[in-house]
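[1] Need coordinates for the following:
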Amino acid sequence: MLGLFGNDDSHPSPAQVDLHEAELKRHGKAYEFHRYDGAGHGFFYYHAPIYRPEAAMDGWAKIFSFFGRQLSS
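    Numbering: from 1, shown residues only. Okay, the predicted model is just below:
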């Protein structure tokens, strides 16, 4: 599981992300979470004021890397 979260988001909030992460750890699940300061929900929306180009570009790199690793086997 890959998760990309803005730390300024309220749905899920950073506290909710922490809860999700704790449960994934508790159940021994494989996951990769990345969080971005100064980004809220929808920071990938390039056509909206909420767009955060640095977070979005890093997020795309994380997505391609994650799928490259997961789909290569």
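[2] all contacts plus neighbour counts: C-alpha atoms, from now on.
    Will do.
[3] Assign I50 to one of the three secondary structure states.
    Here I50 is recorded as coil under DSSP: H, G, I helix; E, B strand; the rest coil.
[4] Now for the closest residue in space to it that isn't next to it in sequence, how many residues are close by?
    Leaving out its chain neighbours, the residue that sits closest to I50 by C-alpha to C-alpha, 6 or more residues apart in numbering is F43, at 5.5 Å. Using other C-alpha atoms under 10 Å, F43 is surrounded by 23 other residues.
[5] Ramachandran coordinates for F43?
    phi -70, psi -10 (degrees, to the nearest 10).
[6] so it touches G6, yeah?
    Yes. Using C-alpha atoms under 8 Å, F43 makes contact with G6 at a distance of 7.2 Å.
[7] Which stretches in the protein count as helices?
    14-26, 53-71 (DSSP state H).
[8] Could you list every helix and strand in contact with the last one?
    Packed against helix 53-71, as judged by 3 or more C-alpha pairs under 8 Å, 6 or more residues apart in numbering; DSSP states H and E, are the following elements: strand 2-6.
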